[in-house]
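A.B. asks: Structure, please.
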Amino acid sequence: MSAPKQPKHQAIHDALRTRIATGVYAPGDQLPTEWALVEEFGASRPTVSRAVAELERNGMVERRRGAGTFVRDQGKTTSLFGLLIPGLGETEIFEPLCGGIAGAAQEHGDSVLWGGGGLSKPAVRAARGPIAIQTCESFIKHGVTGVFFAPLELDDHQDEINHRIIDLLDGAGVKVVLLDRDYLPYPQRSNFDLVGIDNRRVGYVVTRHLIERGCERVAFVARPKSASTIQARIAGYAEAMLGAGLDYDADRVIFMDPGDHEAVRLSLLGQGIDGVVCGNDVTAARLMHTLDEIGAIVPRDLLVAGIDDVRYASLLRVPLTTVSQPCQSIGQTAYLAMKDRTAKPDLPPRDLLLQCSLVVRESTQRASNRSRKVRTP
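C.D. replies: Okay, the predicted model is just below:
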């Protein structure tokens, strides 16, 4: 019995692979165009595209948008990645996270382009979206292999901008690893790898801590247009309240400016709230400052907790109980996820969620005790 005929795309793949292995196409050389290969092998363009895609998956070639397909140097890593963080500078968690990515890339011989920072002041915050899109376009022109992207939040046009960025990157064949959050609203999930923490569990742990400290009327406070992580934390908050046999009241999930004296007075003090879980430490710090100005004393009148463990959390007048994120490790894990994704594009999308710790400080203690770390379950 004769051997089965080899599929056409496989024959083309093997022929090109042999040419690369024998030096006919040397590292850095451009392969013939797909139309040239169609003519040479007498195959359809989809068949040729499939053969070239297989070479790319095997790491033998790389496609550069607008330039063509080139033979990769197997002896060294030459990947160029982009860091797109529109909120860089507004919260401390992204600085060590980006440092983790950059350090891991340098260790492996890769390069990273930074973009998206320096726009934390209110006067220029409105420019974050257009600049993020311009940065994305610049990354594509530079031929980046992949982009680490933290979707924009706290912006009137965040959904439109985030979708635009994803469409640009996906259309250019650039791999994407999401940092901290998805660009789709929780609990929806996109088709990209995401590296961060289990935000639902974090919301549960912080709320459970307040309940164990005697709180029964716990509120969740966040700023309007917050990232999808906040919705996940709210889900954990609700789960903790119901699990403890306490009433979950949707009216106690409050989206407001934590610096608004009247809103804080009416929504919290006027409702007998005895504990507050804040969406992050920035919100918690502003809220505690407002409470101080209107005469409410933390933790005597109500307990307050945040999430992130930024540097100033322990330096507030009343040190803040919070959750500490392993930001540098998140960055290192994101880099490894990107390398996996570029080497094996067909891997299913993954959630890579790292463990974090509850840091207990005076803002949730009726009597002052030394801070301690408790690993989340």
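A.B. asks: Okay, helices next: where are they in this protein?
C.D. replies: Ranges of helices in the chain, per DSSP state H, are 8-21, 34-41, 45-57, 94-107, 122-125, 128-141, 158-171, 199-212, 228-243, 261-267, 281-293, 327-343.
A.B. asks: What lies in contact with the third one?
C.D. replies: Applying Cβ atoms under 8 Å, 6 or more residues apart in numbering, the set of residues contacting helix 45-57 from outside is 8-10, 12-13, 16-17, 20, 31, 34-35, 37-38, 41, 61-63, 69, 343-346. No exception for glycine: its C-beta is placed from N, CA and C like everyone else's.
A.B. asks: related to what we said a few turns ago, among the helices of the chain, single out whichever gets nearest to Val221.
C.D. replies: The closest of the helices of the chain to Val221 is helix 281-293. By Cβ to Cβ, the value is 6.1 Å.
A.B. asks: which residues does His289 contact?
C.D. replies: So, once contact is read as Cβ under 8 Å, 6+ apart, His289 ends up touching Gly259.
A.B. asks: Give me the below-cutoff pLDDT ranges for this protein.
C.D. replies: 1-6, 74-78, 87, 89-90, 116-126, 367-377 (pLDDT under 70).
A.B. asks: per-domain residue ranges of it.
C.D. replies: Listed by automatic domain parsing, the domain ranges of the chain are 8-71, 80-197+327-354, 199-325+357-375.
A.B. asks: Between the two ends of the first one, how far is it?
C.D. replies: Spelled out, it's domain 8-71. The straight-line separation of the ends of domain 8-71 (Cα to Cα, to the nearest Å) is 21 Å.
A.B. asks: same check, this time on stretch 181-189
C.D. replies: End-to-end for stretch 181-189, by Cα to Cα: 10 Å.
A.B. asks: Could you do stretch 337-348 as well?
C.D. replies: 12 Å.
A.B. asks: about what we covered before: narrow the contacts of helix 45-57 to just the buried residues.
C.D. replies: Taking 16 or more other Cβ atoms under 10 Å as the criterion, what is buried in the contacts of helix 45-57 is 8-9, 12-13, 16-17, 20, 31, 34, 37-38, 41, 61-63, 69.
A.B. asks: Mind listing the residues bridging to Trp88?
C.D. replies: No Trp there; residue 88 is Leu. Leu88 has these beta-bridge partners by DSSP bridges: Thr91.
A.B. asks: And for it, the neighbour number?
C.D. replies: 21 (other Cβ atoms under 10 Å).
A.B. asks: same check, this time on His157
C.D. replies: So His157, with other Cβ under 10 Å, has 14 neighbours.
A.B. asks: likewise Val276?
C.D. replies: The burial count for Val276: 31, using other Cβ under 10 Å.
A.B. asks: What separation is there between the closest residue to Asp346 other than its chain neighbours and Lys225?
C.D. replies: What sits nearest to Asp346 in space, not counting adjacent residues and going by Cβ to Cβ, 6 or more residues apart in numbering, is Arg57, at 7.0 Å. Counting by Cβ to Cβ, to the nearest Å, the gap from Arg57 to Lys225 is 39 Å.
A.B. asks: wouldn't Gln158 be in contact with Arg164 here?
C.D. replies: No. Judged on Cβ atoms under 8 Å, Gln158 makes no contact with Arg164 at a distance of 10.6 Å.
A.B. asks: neighbour count winner among those two?
C.D. replies: The residue with more neighbours, out of Gln158 and Arg164, is Gln158; 20 against 15, by other Cβ under 10 Å.
A.B. asks: got a list of what the nearest residue to the more buried one once chain neighbours are set aside touches?
C.D. replies: Nearest non-adjacent residue to Gln158, counting by Cβ to Cβ, 6+ apart: Leu152, 4.6 Å away. By Cβ under 8 Å, 6+ apart, the residues touching Leu152 are 86-87, 128-129, 132, 158, 161-162.
A.B. asks: again, only this time at 10 Å
C.D. replies: For Leu152, the contact set (Cβ atoms under 10 Å, 6 or more residues apart in numbering) comprises 84-87, 116, 128-129, 132-133, 158-162, 165, 183, 225, 227.
A.B. asks: what's the answer for Asp274, then?
C.D. replies: Asp274 makes contacts with 210, 213-219, 268, 299, 301-303, as judged by Cβ under 10 Å, 6+ apart.
A.B. asks: any idea how far it is from Ala244?
C.D. replies: 14 Å.
A.B. asks: of the contacts of Asp274, closest to Tyr335?
C.D. replies: Leu210 (35.4 Å).
A.B. asks: who touches the closest one in this structure?
C.D. replies: 216, 218-219, 237, 240-241, 244, 274-277, 302-305, 321, 364.
A.B. asks: What about the residues you listed, which are in strands?
C.D. replies: 218-219, 275-277, 303-305 (DSSP state E).
A.B. asks: hmm, back to that, any of the contacts of Leu210 buried? List them.
C.D. replies: Buried among those (16+ other Cβ under 10 Å): 218-219, 237, 240-241, 244, 274-277, 302-305, 321, 364.
A.B. asks: Surely Ala296 touches Arg265?
C.D. replies: Yes. If you go by Cβ atoms under 10 Å, Ala296 and Arg265 touch, sitting 8.5 Å apart.
A.B. asks: Mutual contacts of those two, please.
C.D. replies: Thr290.
A.B. asks: More neighbours: which of these two?
C.D. replies: Taking other Cβ under 10 Å, Ala296 and Arg265 do not tie; Ala296 has more neighbours (18 against 15).
A.B. asks: list the contacts for the more buried one?
C.D. replies: 264-265, 268-269, 287-288, 290, 302, 304.
A.B. asks: ok, now with 7 Å
C.D. replies: 269, 302 (Cβ atoms under 7 Å, 6 or more residues apart in numbering).
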